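> build me a model:
(chains A, B, C and D, ligands or ions: 4)
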2 protein chains.
Amino acid sequence: MPLTAKQGQLLKELKRCKGELSGQDLHARLRKGSRPMGLATVYRHLRQLQQLGEVRCRHLPSGEALYAPAERDEHHLTCVDCGSTTTLESCPVHSVHLDAGQLGGFRPLFHTLEFFGLCGECQQRHQGAAG
Amino acid sequence: MPLTAKQGQLLKELKRCKGELSGQDLHARLRKGSRPMGLATVYRHLRQLQQLGEVRCRHLPSGEALYAPAERDEHHLTCVDCGSTTTLESCPVHSVHLDAGQLGGFRPLFHTLEFFGLCGECQQRHQGAAG
DNA sequence: TTGAGAATGATAATGGTTATCACAAGTTGT
DNA sequence: ACAACTTGTGATAACCATTATCATTCTCAA
Ligand SMILES: [Mn+2]
Ligand SMILES: [Mn+2]
Ligand SMILES: [Zn+2]
Ligand SMILES: [Zn+2]
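Ligands and ions are numbered 1, 2, ... in the order given. Purely as a prediction, here's the structure:
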């Protein structure tokens, strides 16, 4: 089941970009180039590419969804106060094995692992008040 | 830094409930009982309780945020097609250690680990079309 | 009692995502 | 080539969870 032209175009743009992109970001980029793509089509194909295991997605605390090629196995530390994020150097669960009993027929395509907490700056800022 | 009365009330309601609750769910429950709480206050305290490490939150593919006591270290298999979720029996990263170099001053409060893929039913449904 | 500051909540505003639906493009059969 | 049908597309409207606003209420120390 090869990707359609529009799906390939979208995935190519995602891969070209170093970081993660929101649906809106992606639409803005694709709209600029030749062969623009409507917003509805962007979201449609993002969902389809997820179901094909080509794209993964995570949600910021703000609720905004960020997309990236599923092959990028990256995870983050996110501050629950200021929202700043830093990327981990490696995936801590790269090797975890889920046995068939737990899977129960489920076929994993990708995973999200995110650590939430307080960044150094926000800890200092709250020190005075919270002790 | 003990919790305020309203914060405690909210956390108590979260703990009383077996599953995860959305902000709207929580507001609906609290509104029924004596001592109702406004929607704005619910969301305010959910954020504060997250910053205190008392509450964690994850996002469904739909974007809806679900909250639970942070002490509940649960993770899920979620179908990217029908959205059904099943809970894992144990946390695969319960023991992972992030070294100080990776943390860089960051103080972890909780984590989310979610596996996305296709449930058994959806795999069968797509078999005919996709081969 | 009184006034400053914090907490509360009804309501409006925001904005990312999804649903609609009319149209374009592709496919099949004759 | 043509009609009949299916699939893909995208401008727009609708949705709805979350956030911002702001007037009111509460807290508590002076
Ligand atoms: Mn990983
Ligand atoms: Mn865990
Ligand atoms: Zn921070
Ligand atoms: Zn499914």
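
> hey, what's the residue nearest in space to the middle of chain A bridged with?
Geometric centre of chain A, nearest residue: A:Cys57, 3.4 Å, by CA atoms, centre = their mean. Under DSSP bridges, the beta-bridge partners of A:Cys57 are A:Tyr67.

> wait, it touches A:Ala65, no?
Yes. Under the criterion of CB atoms under 8 Å, A:Cys57 lies in contact with A:Ala65, with a separation of 5.3 Å. Every residue, glycine included, has its C-beta placed from N, CA and C.

> if we can go back for a sec, tell me the pLDDT at the residue nearest to the centre of chain A?
Looking at A:Cys57, its pLDDT is 95.

> how much space between A:Arg47 and DNA strand C?
6 Å (CB to the nearest atom of the strand, to the nearest Å).

> now for that residue: which residues touch it?
A:Arg47 sits next to B:Val80 when contact means CB atoms under 8 Å, 6 or more residues apart in numbering or on different chains.

> what helix or strand is it located in?
A:Arg47 is part of helix A:39-51 when elements are defined by DSSP states H and E.

> off-centre distance for that helix?
14 Å (CA atoms, centre = their mean, to the nearest Å).

> is ligand 4 contacted by it?
No. Helix A:39-51 does not reach ligand 4 (CB under 5 Å from the ion); its nearest approach is 9.6 Å.

> quick one: mean pLDDT for that helix?
On average, helix A:39-51 scores 96.

> do the same with stretch A:72-91
92.

> for the spatially closest residue to A:Cys17 that is not a sequence neighbour, helix, strand, or coil?
Spatially, and ignoring its direct neighbours in sequence, A:Cys17 is nearest to A:Arg29 (7.6 Å; CB to CB, 6 or more residues apart in numbering or on different chains). Classification of A:Arg29 using DSSP: H, G, I helix; E, B strand; the rest coil returns helix.

> roughly how far does A:Arg29 sit from DNA strand C?
A:Arg29 is 14 Å from DNA strand C, by CB to the nearest atom of the strand.

> A:Cys82 now?
For A:Cys82, the distance to DNA strand C - CB to the nearest atom of the strand - is 18 Å.

> could you dump stretch A:107-121 to CSV, C-alpha only?
This file holds the C-alpha atoms of stretch A:107-121, laid out as CSV (Å, rounded to 0.1, in the frame of the first residue of the first chain):
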residue,chain,number,x,y,z
ARG,A,107,-0.3,-4.0,17.1
PRO,A,108,2.0,-1.1,18.3
LEU,A,109,3.0,1.5,15.8
PHE,A,110,4.7,4.1,17.9
HIS,A,111,4.9,5.4,21.5
THR,A,112,5.1,8.6,23.4
LEU,A,113,7.1,9.0,26.6
GLU,A,114,7.2,12.4,28.2
PHE,A,115,8.5,13.6,31.5
PHE,A,116,6.8,16.5,33.2
GLY,A,117,8.3,18.5,36.0
LEU,A,118,9.8,21.8,36.9
CYS,A,119,12.8,23.3,35.0
GLY,A,120,15.7,24.8,36.9
GLU,A,121,14.5,28.4,36.4
